[in-house]
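Asker: What follows is a predicted protein model with its sequence.
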Amino acid sequence: MQAGLDALPKQTPTDTDWGFHEKYLAAIQALIRQHPQDLFVQRYYIGAMRELTERDKLIDEYKEKVARSGGNTQMAYLYGVTLIGRQSAESIKMFEGALQKDAKFPWPHLGLVELYDAPAFRNKAKADVHVKAFLDACPSSFDGYQQLARFSENKEMIRDGMANLRRVVEKRSDIHAIAAYQTLWNLEYKGTAQSEYEALRKKTAADVQRIRGLNLINKKEWYQTLEEGYRLANDQKSADWAKDEKERRYPSPWVPASYGKWSEDHKYPGEDAPADARRVYYTDLLAHANEWVQQCPNSTSMWFLRLDALSHSEGVSSTEIEVAAEQLLAVVQKNAGPTGPMSRDYFEIARTLSRKHLQPARVLQLGLKGQEQAAKEQETFHQLDLNDDQMRGEVRLYELSDSIDGMRLIAGADIELKQPDTAQVALAQMDERLQQLKSLAGEKKDRQKGYLSALSGYWGELARLAVLQDRKPDAMAFYQNALLARLDAGERPIPGETDELAVEAKKLWTSLGGTEQAWSVWYGRRANEMAQSASLRWDETSEPLAAFELADLNGKIWNVEALKGKTTFLNFWASW
């Protein structure tokens, strides 16, 4: 059975996301027909079907299977797996019920570990109890050790787990055991005192020497394990070799091998940087993006980079940008499958065209389609278990911000198409959402800035609508509000680029008899002060830092206590 699972297809650069999904699903379903009762094949199938768009179908399928099975413990467990994240409280009941019916069936323990680490049900003590129960029942299963490494902070359990896992992997030379060394090292560096790291690195180096000697050159996991081991052993040259070989033999469908190195060596200079620095950056980015989309023809991220580079490069025609936008949309649609692209994809393409004042009819079409998709996404997201207030607030903030910007794009396109009535409708909807965003922003400075930035966009479009309707005094008042909100948001014009909002406002100001001196007193002086101020500013926060413990590349442990009295820069990133 393991051979069948190992033979499941792997995505290549020639596969679209949806095309690969169908291929992968077909291969799993073929395995299920051969082994209809196999637990592991069923888990792979559920994993392949747990996307938000297919979750309802999956839940219904396994609910029916549970009913037909007459209370089969394995089927009850699998049904519980389908419910995680959607009906997690019911999932807990299914797992606990399965354990009560058959205490020797270990897999519900792992499901409960995952759930008891989730914000809505967090209970570290219960999570530890269940991971220990699973490891006691299945001491040779790598799944339990992975959960131990991911979720537990119990030093005694970690030390016991790393000792047991080492005994398991040292007796084996198959690729699954080799890959498990990454989990082993994770546990060992978590469970070992910092003073003993030098000896631990030597042990890691010995592990790597043994793994390298197996010469499993046709296994991607071999290179991944070597890369991690060499890094932990402070052998960066060998780690780079393993990484390069992995990328050469197993190219990523989404990111070309050369992209990582290029992005490390070519940091975006920032919008406050001189125009020449940004020009050089985008020229180089465009040259490489043209290569990357050839290497990864179905990577939406590479096509987005190319469109971004084109829209910021000199000497690029409008036609080139329009063609690139359609090429990107085609790739996005192929990857998305029958449900269509995400709203953010429609909005991002529309933003680029709108910023360049290209194809307002197409911008309008993309904006409306994005709003339609956003409504579906909100309905789906609201079905998830977001019992954590902070998480629910963040999701709502994201939804509102995207919705407001979509309405801005729609209103702007209507104005360019000289359709004031439909523009007015979009702006009225935008105003309603802005009130909700203001309430959600509360006293948090970063959220307030986001609200003010969106508010500036609203007033700017309202001003342009008033100009279209020949209501010049109204338009001037709206322009003033837009400029002041932008200043309050801390936003500044990009050096070397036309500040359209200020240019439009000043043109109208002059046409209404306003003088240069008065303009400077009212707006120019404050804008100049902001333009000359530092680009970075520190904001105070009273929120406590959550407890953590992490090892750096040299094995040194860092936690809240170790950082007391030190100026610390934290860099956060996300990949959704």
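Answerer: Yep, it's here. Residues are numbered from 1 along each chain as shown.
Asker: List the buried residues of the helix or strand harbouring Asp160.
Answerer: According to DSSP states H and E, Asp160 maps onto helix 155-169. Buried residues in helix 155-169, counted by 16 or more other C-beta atoms under 10 Å: 157-158, 160-162, 164-166, 168-169. Every residue, glycine included, has its C-beta placed from N, CA and C.
Asker: Show me what the mean pLDDT comes to for it.
Answerer: If you average the pLDDT over helix 155-169, you get 96.
Asker: mind checking how far that helix is from the chain centre?
Answerer: 32 Å (C-alpha atoms, centre = their mean, to the nearest Å).
Asker: about what we covered before: which of the buried residues of helix 155-169 lies closest to His35?
Answerer: Val168 (25.2 Å; C-beta to C-beta).
Asker: burial measure for the residue lying closest to that closest one once chain neighbours are set aside, as a count.
Answerer: Leaving aside its chain neighbours, Val168 sits nearest to Ser140 (5.4 Å; criterion: C-beta to C-beta, 6 or more residues apart in numbering). The tally of other residues near Ser140 (other C-beta atoms under 10 Å) stands at 15.
Asker: What residues sit buried inside the longest helix that the chain contains?
Answerer: For the chain, the helix reaching the highest residue count under DSSP state H is reported as helix 389-416. Using 16+ other C-beta under 10 Å as the test for burial, helix 389-416 gives 392, 395-397, 399-416.
Asker: same question, stretch 468-482
Answerer: Neighbour-count burial for stretch 468-482 [16+ other C-beta under 10 Å]: 468, 475-476, 478-482.
Asker: returning to that earlier point: tell me which strands and helices the helix holding Asp160 is in contact with?
Answerer: Where contact means 3 or more C-beta pairs under 8 Å, 6 or more residues apart in numbering; DSSP states H and E, helix 155-169 is packed against helix 124-137, helix 142-151, helix 175-191.
Asker: Isn't Ala127 up against Arg150?
Answerer: No: counting by C-beta atoms under 8 Å, Ala127 sits too far from Arg150 to count as a contact (10.0 Å).
Asker: between these two, who's got more neighbours?
Answerer: When neighbours are counted by other C-beta under 10 Å, Ala127 and Arg150 differ, and Ala127 comes out ahead with 25 against 13.
Asker: Find the residue closest to the more buried one in space, skipping its chain neighbours.
Answerer: Using C-beta to C-beta, 6+ apart, the closest residue to Ala127 is Tyr116 (4.0 Å).
Asker: which ones are touching that neighbour?
Answerer: 122-124, 126-127, 130 (C-beta atoms under 8 Å, 6 or more residues apart in numbering).
Asker: 10 Å instead, please
Answerer: 92, 122-131, 151 (C-beta atoms under 10 Å, 6 or more residues apart in numbering).
Asker: Touching, Met75 and Pro36? I think so.
Answerer: No: between Met75 and Pro36 there is no contact under C-beta atoms under 10 Å: 11.3 Å.
Asker: which of the two has more neighbours?
Answerer: Met75 (22 against 9).
Asker: And the pLDDT for the more buried one?
Answerer: With respect to pLDDT, Met75 scores 95.
Asker: distance of it from Gly144?
Answerer: 22 Å (C-beta to C-beta, to the nearest Å).
Asker: again with Tyr79
Answerer: 22 Å.
Asker: isn't the residue nearest to Val168 right next to Pro106, touching?
Answerer: No: counting by C-beta under 10 Å, Ser140 stays clear of Pro106, with 11.8 Å between them.
Asker: ok, the buried residues of helix 155-169 vs Val503, which is closest?
Answerer: For the buried residues of helix 155-169, the nearest to Val503 is Ile158 (61.2 Å; C-beta to C-beta).
Asker: which residues sit in contact with that closest one?
Answerer: For Ile158, the contacting residues are 145, 148-149, 152, 186-192, by C-beta under 10 Å, 6+ apart.
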